[in-house]
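[1] Based on what follows, work out the 3D shape:
(2 chains)
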Amino acid sequence: MKKIIIAGTIAALLMLGIAAIVFRTRPLEDRSESLDVCDRHYVLITNGENTEFWDRVYQSAKAEGLAHNVYVEMFGSGLSMAYSRDELLKIARQASVDGIIVEADEDATTGKLIDEIVNEGIPVVTAMRDCYSSLRQSFVGVNHYDTGVLYGQKIASLLDGKQEARVLVIAEGKAGDVHENLVLLGIRETLAKEMPNCHVQVDSDSISRTSSFAEEEYFNTLFMGEDLPDILICQDAVGTICAYQSAVDHNQVGSVDIIGFYDSDTILSEVQKGVLTATLSIDAEQAGRACVDALEDYYAYGYTNEYNALSMALIDEDRAEELLTEEVTEE
Amino acid sequence: MKKLRSMSLQKKITSNVVGALLIVLAVNIVMMRVLSSINLKIEEVYTGNVRLNELDDTLGSLESNLETYVRTKSSDAMESYFRDEQALRDLLGGLNGQAVDDPELIAEKNIRSLSETYLDLTAQIIQAKRGRNVQKYAELAEEASALGNTIHVYIDSLNNERFQVNSAIFGQLIGRWRAQEGTLQFVLLAVMVAALLVVIFMTSLIIKPLKDLASAANEVAAGNLEQEALPVRTRDEIGIVTEAFNQMLESIRRYIRQIRENLLREQELRERELLMESHLKDARLKYLQAQIDPHFLFNTLNAAAQLAMMEGAEKTEELLDNTAAFFRYNVRRNDKDTTLRDEVGLVDNFIFISKVRFGDTFVFEKNIDESVLNIPVPSMMLQPLIENSFKYGIRDLERQGRIELSVSRRDGWAEISVWDNGSGMTEERIAAVLSGQWESASDDRDLPVSNGVGIWNVMERLRLYFDGKSTFEINSDGPGTGTEILIRIPLGAEEA
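    Coordinates of the predicted model:
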């Protein structure tokens, strides 16, 4: 009889084991039940340029938002149609979001839209580029004059001993924009102060972005021409890549000092190799955090700092090597 | 457990098989449910896309009806618009409306919020249309159109996104289905094998007592009855048969004991009977030997007296020596067995004495195989036969009588032959002598010595002594042809 009991038990356990295997069917994810509901919904709207930089800003803002139980959406991404910044601002207002972070500029339409949105009770924070004339709650970005000073100092060190030179600054936005003017002012004042005996011609130009390959064409034309500047300053990541690629293609590396923007691995690598003389690095993570914090402050206190400055630095060849080495070590 | 023990064999086997079948059936049902659940999930995968398409269609219909209404102010268009509005609101109710960390759900929230804004706009358009505020409803219609397009873009985008995700899920489900199919086939096979093993195991448990019983029965058939009683573990048919077998085995053992005891008892009785028979045989032998003595003694003494009177010389002494030896032998051997050698010696004594009496009227010859002279024989066996040859054979012969004694060995037998050339015997007389019906009328007083023992006496004693294994023949071709008495005595293993 004991044997019968043992046999029965073994058989039962066997059956249970088999049943466990059979029932081992992982349920499909049920998103709505497994996710926490956030208190607010912010959106980040950009001009569609510098996507790598803005992606870092977004990731930082999203992480900071989740820490405050806020969901930050990269607004307009994943849509089958590309909308302009102003269209996205309008859609965000119609979608009744709880806060907007926007890469703005001094465009009047944009300012008007921001004003309408703010008047509807949706706080707006401008990032990297400000719409000073609007009712936005806060601006998060670098001081453009300070940026110009930084460029000026670097130019002075590059032109040491020269009597005359030409510097071409490629504007990120429209030429003549307040921001661009502030940058140029910073460069000129610094050069006048640092190199009073040197005649440096600082020119500004902008790229008419009528197509997605406009920048590449602009720099190709520039490097094909005779009138090359001594120093070329690019204020966006795509422009930087197009500029150094054209310099390589036209065998002009070394004849023009290119100061780029952004600190991606590709750009750092080019700085390390000497193709780029230096690159301006702005702390994207800090930018993302600051944008969300500004909106959170507004919700918490009803007001926030009108200006949140971001730190920046010019990365030269040595620093680029250090940064790349650090990355390799961390990996 | 007690119930299980007392369960019949049929019920046990039936429940065993039914149990195994139920296990297989249960696993089959479970498998079908699992596959069915995967089927349901596959069906659910694209439900989201279907809902979004429905939402898109409803929005399109609403836009169309709104446009018709704005253009025609048609009541039907109005009615359709309200129907679509309700349908759209119902569908929007199924979308996520909260801020959650999921791009798809955020897209749903955006669609819902934009759609609600859109419905507010359309309501304002209708209101403006009713109020005939042309400028306002024209502006609002333009805004609504743009927003409607945006919502379509959002729905399309989400639909595409969801389709891609669902395609991945669908791929997973198909993969899982295939994996599950293989797993389930394996599980089914494993369960079948396990169930089969359990059935075999359970059946072997049920059959084991039967095997033990068969083995025990074989042992019994081979003659081994000394085995322990089989344990009775169950109260089923096998248990009952086992118990009956144990009882049967015990009964057989008891009967065998009784038979053995009876045989022993019978053997004892037979031994006692044999002993009694032996005693009787001894008594009869002694009785017969006792009958011989008086005649023998008197005849011998007469002969010795006659010789003494006639000669009184040396031969008398020899005669007396032989006579003395003859008596001594009888006194000594009367109640004991002797050997053939001693019997032959006695014959020599008798012949000597007879020679004294009858002189050369007869010739005695003996032909003896010394190797058989040591065999034991009853006493007074040979001399009466010689005496008989004198008495009935050669005494009245005109010619010289002849008596021959031969002792020889042949084919494991000792052959003793006493032959005379005397008067011979008829067949009737031979038959009468052998059957004991004929005895001489009286003792022959003319013989020098006689022990008074007849042929039948000798024959009987030989028969008793050798348990009937000896043979006794009287051979004669009729009157005047002489007579031979032939005795055959079986030689023992030693003598042979």
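[2] For the rest of this, base every contact and every neighbour count on C-alpha atoms.
    Noted.
[3] quick one: residue A:133 from residue A:127, how far?
    Plainly put, residue A:133 is 14 Å away from residue A:127 if you go by C-alpha to C-alpha, to the nearest Å.
[4] typo on my end, it should be residue A:226
    Taking C-alpha to C-alpha as the measure, residue A:226 falls 38 Å from residue A:127.
[5] more crowded one of those two?
    residue A:127 (27 against 8; other C-alpha atoms under 10 Å in any protein chain shown).
[6] Check the spacing between the more buried one and chain B real quick.
    Residue A:127 sits 22 Å away from chain B, going by C-alpha to the nearest C-alpha, to the nearest Å.
[7] Now for that residue: which residues touch it?
    Residue A:127 sits next to A:101, A:102, A:103, A:104, A:139, A:140, A:141, A:287, A:291 when contact means C-alpha atoms under 8 Å, 6 or more residues apart in numbering or on different chains.
[8] Of those residues, which belong to strands?
    Assignment to strands by DSSP state E places the following of those there: A:101, A:102, A:139, A:140, A:141.
[9] List just the nearest of these to residue B:214.
    residue A:101 (93.7 Å; C-alpha to C-alpha).
[10] Can you tell me who that closest one pairs with across the strands?
    Counting by DSSP bridges, residue A:101 is bridged to residue A:44, residue A:125.
[11] residues near it, how many?
    31.
[12] ditto for residue B:100
    Neighbour tally, residue B:100, other C-alpha under 10 Å: 25.
[13] can you tell me which residues contact it?
    By C-alpha under 8 Å, 6+ apart, the neighbours of residue B:100 are A:35, A:36, A:37, A:38, A:71, B:106.
[14] thinking again about what came up before, let me know the closest of the ones in strands among the contacts of residue A:127 to chain B.
    residue A:101 (16.5 Å; C-alpha to the nearest C-alpha).
[15] pretty sure that closest one is touching residue A:122, no?
    No. Counting by C-alpha atoms under 8 Å, residue A:101 does not reach residue A:122; the two are 10.6 Å apart.
[16] Name the nearest of the ones in strands among the contacts of residue A:127 relative to residue A:165.
    Checking the ones in strands among the contacts of residue A:127 against residue A:165 by C-alpha to C-alpha gives residue A:141 as the nearest, at 30.2 Å.
[17] hey, where'd the strands end up in the chain?
    Using chain A here. For chain A, the strands defined by DSSP E occupy A:37-38, A:40-45, A:70-74, A:99-102, A:124-127, A:138-141, A:164-171, A:199-206, A:231-234, A:257-261, A:278-282, A:307-309, A:312-315.
[18] actually chain B
    Under DSSP E, chain B gives strands at B:99-100, B:337-339, B:362-368, B:376-378, B:401-410, B:413-420, B:471-475, B:483-490.
[19] Now do the residue of the stretch 101-250 of chain A at minimum distance from chain B against residue A:229, distance only.
    For the stretch 101-250 of chain A, the residue closest to chain B is residue A:120, as judged by C-alpha to the nearest C-alpha, at 13.4 Å. For residue A:120, the distance to residue A:229 (C-alpha to C-alpha) stands at 48 Å.
[20] Those two: which has the busier surroundings?
    residue A:229 (21 against 11).
[21] Could you check how far that one is from residue A:185?
    19 Å.
[22] And the pLDDT for residue A:209?
    pLDDT recorded at residue A:209 is 70.
[23] Does it touch residue A:215 like I think?
    Yes. Taking contacts as C-alpha under 8 Å, residue A:209 lies within contact range of residue A:215: 7.2 Å.
[24] who has more neighbours, those two?
    residue A:215 (21 against 11).
[25] Grab the nearest non-local neighbour of that one.
    residue A:239 (6.0 Å; C-alpha to C-alpha, 6 or more residues apart in numbering or on different chains).
[26] domains for chain A, by residue range?
    A:38-142+A:284-310, A:144-282+A:315-330 (automatic domain parsing).
[27] Let me know which of those domains is tucked in deepest.
    Greatest average neighbour count among these goes to domain A:38-142+A:284-310 (a mean of 21), per mean count of other C-alpha atoms under 10 Å in any protein chain shown.
[28] So, low pLDDT: which residues of the chain?
    Since you didn't name a chain, this refers to chain A. Applying pLDDT under 70 to chain A flags the ranges A:1-9, A:11-34, A:173-176, A:331.
[29] Please refer instead to chain B.
    Within chain B, the stretches with pLDDT under 70 are B:1-5, B:276, B:278-280, B:282-317, B:320, B:324, B:327-336, B:438-453, B:493-496.
[30] Next to chain A in this structure, residues from the stretch 201-350 of chain B, please.
    Within the stretch 201-350 of chain B, the positions adjacent to chain A are B:201, B:202, B:205 by C-alpha under 8 Å from any C-alpha of the partner chain.
[31] which of these count as buried?
    Using 16 or more other C-alpha atoms under 10 Å in any protein chain shown as the burial test, those include residue B:202 as buried.
[32] Residue B:242: what's it in contact with?
    B:209, B:213, B:230, B:231, B:232.
[33] Are any of these buried, and if so which?
    For the contacts of residue B:242, buried by 16+ other C-alpha under 10 Å: B:209, B:213.
[34] Which ones among the contacts of residue B:242 lie within helices?
    Counting by DSSP state H, the part of these found in helices is B:209, B:213.
[35] okay if I get the contacts of residue B:242 as CSV plus distance to residue B:224?
    Compiled in CSV, the contacts of residue B:242 are given as follows (distance: C-alpha to C-alpha, whole Å):
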residue, distance to residue B:224
B:209, 19
B:213, 14
B:230, 14
B:231, 18
B:232, 20
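[36] List the contacts of residue B:395.
    Residue B:395 touches B:401, B:422, counting by C-alpha under 8 Å, 6+ apart.
[37] what does residue B:157 give?
    Per C-alpha under 8 Å, 6+ apart, neighbours of residue B:157: A:78, A:79, A:80.
[38] Let me see the ranges of the helices in the chain.
    I went with chain A, as the question did not name one. A:2-23, A:31-34, A:51-67, A:85-94, A:108-119, A:144-158, A:178-194, A:214-224, A:237-249, A:265-273, A:284-301, A:317-330.
[39] that's the wrong chain, I meant chain B
    For chain B, the helices defined by DSSP H cover B:2-5, B:9-45, B:47-72, B:75-93, B:103-130, B:134-221, B:237-310, B:314-333, B:340-358, B:383-388, B:427-435, B:455-465.
[40] Out of those helices, which is the most enclosed?
    helix B:383-388 (a mean of 22).
[41] Point me to the residue of the stretch 301-450 of chain B nearest chain A.
    For the stretch 301-450 of chain B, C-alpha to the nearest C-alpha, closest residue to chain A: residue B:412, 73.0 Å.
[42] From residue B:372, how far off is that residue?
    Distance from residue B:412 to residue B:372, by C-alpha to C-alpha: 10 Å.
[43] what's the answer for residue A:85, then?
    Counting by C-alpha to C-alpha, the gap from residue A:85 to residue B:372 is 153 Å.
[44] Please apply the same query to residue B:31.
    Residue B:31 is 104 Å from residue B:372, by C-alpha to C-alpha.
[45] Just grab the bridge partners of residue B:377 for me.
    Beta-bridge partners, per DSSP bridges, of residue B:377: residue B:338.
[46] can you list the domains in chain B?
    Taking automatic domain parsing as the reference, chain B has its domains at B:2-214, B:276-490.
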